[in-house]
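Asker: Quick check, what structure comes out for this input:
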Amino acid sequence: AGTAIGLRGTVIDMTRVVRAAHEAESLRAELNEAQRVARVGSWLLYPGPDGRLGEDRNASDWWSPTMFAIHGANPSEPSPGLGEYLARLSQEDALLMRGTVEQCLADGDYHQHEHGFRRPDGQFRTMMVRASGVLDEAGAVVAVRGTTQDVTEERGLELRLRQAERLETVGQLAGGVAHD
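Answerer: Residues are numbered from 1 along each chain as shown. Reported below is the predicted structural model:
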């Protein structure tokens with residue numbers, strides 16, 4: 001056959017693409033660290049084809065690494081489905097969580113509540129949930145996005161402060177009576 005006399009090709013400068021990928025990874029790491037420090041995890045729940053949230057895992061449902069950590073869950077396992085999550089709540093708290101998620105699906109607005117959560121290790125934690133609907137271009141709610149913050153320590157400090165204030169009031173009343 002013939003003899004090759006040259007080579008023809010295309011060179012594409014990938015510098016910007018590689019730089020953008022590194023920057024995205026750096027931002028993801030910074031967000032994960034900020035969530036870890038603040039004990040705030042983020043999550044997404046997608047409804048099924050019927051527009052309702054099912055009990056089972058949806059392959060698109062997602063938890064951030066901090067969601068797994070504050071719930072004592074294994075991050076190598078898939079994010080739990082709504083039903084699996086609700087099963088770890090008291091009946092009252094499960095109704096509250098389901099109501100928040102369903103309200104976000106219905107109106108797309110921001111909703112919040114607190115509920116208790118028992119971790120697999122037996123620890124009871126208090127969680128602040130904030131959520132809203134994710135809208136598509138037409139304004140229809142296609143998912144629910146939220147954050148969950150472990151506020152156990154804050155609620156414990158608030159309780160101790162109230163108790164100290166009550167003791168101070170009792171002490172002032174007792175001092176006033178003794179003075180009279």
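Asker: Pairing partners for the strand of greatest length in the chain, with directions?
Answerer: Ranked by residue count and defined by DSSP state E, the top strand of the chain is strand 124-135. Neighbouring strands of strand 124-135 in its sheet, by DSSP bridges, are strand 111-118 (antiparallel), strand 141-150 (antiparallel).
Asker: most tightly surrounded among those?
Answerer: strand 141-150 (a mean of 20; mean count of other CB atoms under 10 Å). Heads up, the C-betas are built off the backbone N, CA and C, glycines and all.
Asker: could I get that one in PDB with only the CA atoms?
Answerer: The C-alpha coordinates for strand 141-150 follow below in PDB (Å, rounded to 0.1, in the frame of the first residue of the first chain):
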ATOM      1  CA  VAL A 141     -42.700  21.500  41.800                       C
ATOM      2  CA  VAL A 142     -40.400  18.600  40.700                       C
ATOM      3  CA  ALA A 143     -38.700  17.800  44.000                       C
ATOM      4  CA  VAL A 144     -38.300  18.900  47.600                       C
ATOM      5  CA  ARG A 145     -34.900  20.300  48.700                       C
ATOM      6  CA  GLY A 146     -34.100  20.700  52.300                       C
ATOM      7  CA  THR A 147     -31.600  21.000  55.100                       C
ATOM      8  CA  THR A 148     -31.600  19.300  58.400                       C
ATOM      9  CA  GLN A 149     -29.600  20.700  61.300                       C
ATOM     10  CA  ASP A 150     -28.800  18.900  64.500                       C
END
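Asker: returning to what we had before: give me the residues contacting the longest strand of the chain.
Answerer: Strand 124-135 is contacted by residues 44, 70-71, 97, 100-101, 104-105, 107-119, 141-152, 155 when judged by CB atoms under 8 Å, 6 or more residues apart in numbering.
Asker: shaky segments in the protein?
Answerer: 1, 50-51, 54-59, 171-180 (pLDDT under 70).
Asker: Gly156 - how many residues pack around it?
Answerer: 11 (other CB atoms under 10 Å).
Asker: Quickly find the element holding it.
Answerer: Using DSSP states H and E, Gly156 sits within helix 152-179.
Asker: Mind listing what's buried along the helix or strand hosting Gly99?
Answerer: Taking DSSP H and E as the criterion, Gly99 maps to helix 91-107. By neighbour count on 16 or more other CB atoms under 10 Å, the buried set for helix 91-107 is Asp93, Ala94, Leu96, Met97, Arg98, Thr100, Val101, Gln103, Cys104, Leu105.
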